[in-house]
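S.K.: Turn this into a structure:
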Amino acid sequence: MKYILLLSFLSLITACKQTEKKYNTWSNYGGSKENIHYSSLTEIDTSNVSQLQPAWIFNTGDADTINNSQIQCNPIIIDSIMYFTSPTLKLFAVHAATGKKIWQFDPDSLSLNFVLNNSRGVTYWTDGENDKRIFYVASSYLHCIDATNGQLVRSFGDSGLVDLHNDLGREVQDLFVTATSPGIIYKDLYILGSRVDEGAAAAPGHIRAFDVRTGKLRWIFHTIPQPGETGNETWEDPEAYKHIGGANSWSGFTLDEERGILYAPTGSASYDFYGGKRKGQNLFANCLLALDAETGKRKWHFQFIHHDLWDWDLPTPPVLVTIEKDGKKIDAVAQTSKHGMVWLFERETGDPVYPINEVPVDTTTELIGEKVWPAQPMPTFIKPFVRQSFSVNDINPYLPDSSIAKLKKDMEGYRYGKMFLPPGKKTAVELPGFDGGAEWGGPSYDPQTGLLYVNANEMGWLVTMRDVRSQPLIEESYYEAGLRLYNKYCMTCHGADRKSKGDFPTLDSIGSKYNSTQIKELLSTGRRRMPSFNYITNEEKEAIISYLFKLNEEKRKFVRPPQPQDAYRNVPYAMTGYNKFLSPEGYPAIGPPWGTITAIDLNTGEHIWKTTLGEYPELKEKGVPPTGTENYGGPVVTAGGLLFIAASRDGMIRAYNKSNGKLLWEYKLPAPGFATPSVYEVSGKQFLVIACGGGKLRTRSGDAYVAFALPGKK
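M.R.: Residues are numbered from 1 along each chain as shown. Below you'll find the predicted structure:
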């Protein structure tokens, strides 16, 4: 008996040591290929975290405070060297212990037709000897960089580059194709998703695997299936696959390396808010795909939203977990969603661990040609981690009486109170909103305790559709054509009145920031969240500029040069803007909390604790209890008993006791950290690093990476 107990104890010690060894570095986006945002390091713990202080700060020197640049990068650390990107997508290598620069690579110096996208991370590969490479996407190009010197690996692709427009199966050269989230390595494959336009002129979001040495395409998975492929039958129009885009895996991947299974979440098919050109269930949009990482062949899938009309993409890669059910261990995959739920599937089969019900939803629509799917899946085991409905009684109670009265009056003309309200000309309040619920930072998972930690937004958004004319009914001037084209291409992001109420810039005074030549260039190249409009004619660009700059061109006749038009891009409706449901003062119209962290026991389904994330300092001064704020970027959980997270608009980074949610430490960053931290060690010393790029939520942009450590130890 004593021998058995001793053996059990030794096995436990061995298992603990294996766990520590497995998670004591941060060599992949999200920490590990399991994407669990977990560190087994314990030097920093609940007893000393309050002593954390900056160990070094690195400034990239290229923040753009006028155009709200961002850094969303989760740095990786390989052999004591840290790799990360800057606001203008420069790639840096620095000593992880000191922040001293080793080299930098500037992709803009290549004189590409440069699309300035955001980057959430980079990927490392080595042959185990002297060949060491960093892969990352800047503009529309996959770059392969020598990790030892910051130079392009000229034997890869076309002199170190692969144009992501290529090998998608149809002509997309004039369309917007890039990637914000890094790819993942499986053996000698670099597997990559994409970010594409969310409008009607979208490239397909097929998933591709490239040879890490040559850059040649090794396999492709069609997320919009072609004839003869599984899922093609879920599109009523047999020609749709030639024209419809989206269904892209923009948020990254998770990999079960032992089983050779790639887990790929996908977004909605285009156009996001009107599906009349894409009737049907629309596989494989809004799916979690399990693919054979070696071949790209589908093993299983689950679709979370049928025929999405709400921009409820899967916002983050899933996490690999092991749970206990009925006394048995189950290797599972846990997916969080924008509409605030946790879904559990068996890794190999895709079978739901707990029942998922198809629930009837509202199908009434006034939009001609739309065909709303009649039911949507809902999990049954774990309750939602955000609100999914609200009433007039849930208006923000901390507003002036006049503002509350105005909001209640506005709501008399709105549709609200439940999820899955079909978009229409009468405004609907979408809750959870376009940014969740869960968002792209993703959750963290503690393999020691089985707890999942999810940070989330609780914001209402306003959805209003408007008729759009693709062609003029009569002769029109350049200004009139510009208004029509603005409504078709620009209104969804910048608003019908050009005064965006979301994160997109306002255009009502654009002449104070840009001249017409610069705007024409932006329309051709795109920037960050703005896609390229290189597919429209020069005359159409000039007409949009005429409208934006209010040029006196009422008498100049607009004539579009004859050229073929894709009828699938001529959708008859457009959303009037990404408009949040806000008070006249700019605060959320619904009552708090507006940003939260929830600890969920995946074995029992229970919410262990929940707290707000972030504050409005001016409300705090008035005695308003903590409200939380919108937040972007994920948490990291450690074996030292801590949960680290930045993400909030107030610019703080915080440490919580992972067991009970008690706040143990906070620090004001030089700019908000809309990114996920990385935890690592160098020579036995533990560090925490966060990108401080700001820019989102109209906060001040920054260019700093700040690394924290305990004082004293060298």
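
S.K.: Quick check: Lys299 vs Asp446, distance?
M.R.: The gap separating Lys299 from Asp446 is 27 Å, by C-beta to C-beta, to the nearest Å. Quick note: C-beta positions are derived from backbone N, CA and C, even for glycine.

S.K.: neighbour-wise, which of the two wins?
M.R.: Asp446 (22 against 18; other C-beta atoms under 10 Å).

S.K.: What is the neighbour count of the closest residue to that one other than its chain neighbours?
M.R.: Spatial nearest neighbour of Asp446, chain neighbours left out: Val637 (4.8 Å); criterion: C-beta to C-beta, 6 or more residues apart in numbering. Using other C-beta under 10 Å, Val637 has 29 neighbouring residues.

S.K.: And Val637, what's its pLDDT?
M.R.: Model confidence at Val637, given as pLDDT, is 98.

S.K.: which ones are touching it?
M.R.: His37, Tyr38, Ser39, Ser444, Tyr445, Asp446, Leu451, Tyr453, Leu643, Phe644, Lys658 (C-beta atoms under 8 Å, 6 or more residues apart in numbering).

S.K.: 7 Å - rerun?
M.R.: By C-beta atoms under 7 Å, 6 or more residues apart in numbering, the contact list for Val637 reads His37, Tyr38, Ser444, Asp446, Tyr453, Leu643, Lys658.

S.K.: Strands along the stretch 601-714 of the chain, start to end?
M.R.: Using DSSP state E, counting those that start in this stretch, the strands of the stretch 601-714 of the chain run over 607-612, 636-638, 642-645, 652-657, 663-668, 678-682, 685-692, 704-709.

S.K.: In JSON lines: those strands, plus distance to Thr598.
M.R.: Formatted as JSON lines, the strands of the stretch 601-714 of the chain follow (distance: least, C-beta to C-beta, whole Å):
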{"stretch": "strand 607-612", "distance to Thr598": "5"}
{"stretch": "strand 636-638", "distance to Thr598": "13"}
{"stretch": "strand 642-645", "distance to Thr598": "11"}
{"stretch": "strand 652-657", "distance to Thr598": "12"}
{"stretch": "strand 663-668", "distance to Thr598": "15"}
{"stretch": "strand 678-682", "distance to Thr598": "21"}
{"stretch": "strand 685-692", "distance to Thr598": "21"}
{"stretch": "strand 704-709", "distance to Thr598": "25"}
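
S.K.: start to end distance for stretch 370-384?
M.R.: End-to-end distance for stretch 370-384: 29 Å, by C-alpha to C-alpha, to the nearest Å.

S.K.: and it, which residues are buried?
M.R.: Of all the residues in stretch 370-384, those buried under the rule 16 or more other C-beta atoms under 10 Å are Glu370, Val372, Trp373, Gln376, Pro377, Met378, Pro379, Phe381, Ile382, Pro384.

S.K.: Residues touching that stretch, excluding its own?
M.R.: By C-beta under 7 Å, 6+ apart, the surrounding residues in contact with stretch 370-384 are 274-276, 279, 281, 304-307, 309, 340-344, 354-361, 363, 365, 420, 422, 600, 605, 607.

S.K.: Stretch 268-285 - what's its average pLDDT?
M.R.: Mean pLDDT, stretch 268-285: 97.

S.K.: mind exporting that stretch as CSV, just the C-alpha atoms?
M.R.: Listed next in CSV are the C-alpha coordinates belonging to stretch 268-285 (Å, rounded to 0.1, in the frame of the first residue of the first chain):
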residue,chain,number,x,y,z
SER,A,268,-19.3,35.0,-41.9
ALA,A,269,-19.7,35.0,-45.7
SER,A,270,-20.0,38.3,-47.5
TYR,A,271,-21.9,40.6,-47.4
ASP,A,272,-22.1,40.5,-43.6
PHE,A,273,-25.6,42.0,-43.1
TYR,A,274,-27.5,40.9,-46.2
GLY,A,275,-27.7,37.3,-47.5
GLY,A,276,-29.9,37.7,-50.5
LYS,A,277,-26.9,36.9,-52.8
ARG,A,278,-25.9,33.9,-50.7
LYS,A,279,-29.1,32.1,-49.8
GLY,A,280,-28.7,28.9,-47.8
GLN,A,281,-26.9,27.6,-44.7
ASN,A,282,-23.5,28.8,-46.0
LEU,A,283,-21.0,26.2,-45.0
PHE,A,284,-18.2,26.6,-44.0
ALA,A,285,-18.9,30.1,-42.8
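
S.K.: Now do the same contact list for the spatially most central residue of the chain.
M.R.: The structure's the chain has its C-alpha centroid closest to Trp440; by C-alpha atoms, centre = their mean the separation is 3.5 Å. Taking C-beta under 7 Å, 6+ apart as the criterion, Trp440 is in contact with Ser251, Pro315, Thr316, Tyr632.

S.K.: Show the pLDDT at the second one.
M.R.: In other words, Pro315. 98.

S.K.: How many residues are close by it?
M.R.: Pro315 has 22 neighbouring residues, counting by other C-beta under 10 Å.

S.K.: Shouldn't it be within a helix?
M.R.: No: under DSSP: H, G, I helix; E, B strand; the rest coil, Pro315 sits outside any helix and is assigned coil.

S.K.: how far away is Val172 from Gly267?
M.R.: The value you get for Val172 to Gly267, if C-beta to C-beta is used, is 17 Å.

S.K.: now Ala240
M.R.: Applying C-beta to C-beta, the value for Ala240 to Gly267 is 17 Å.

S.K.: Repeat that for Phe687.
M.R.: Distance, Phe687 to Gly267, using C-beta to C-beta: 34 Å.

S.K.: How about Lys520?
M.R.: Taking C-beta to C-beta, one finds Lys520 at 29 Å from Gly267.

S.K.: which residues of the stretch 451-600 of the chain fall in strands?
M.R.: Assigned by DSSP E, counting those that start in this stretch, the strands in the stretch 451-600 of the chain fall at 451-457, 461-463, 465-467, 573-575, 579-580, 595-601.
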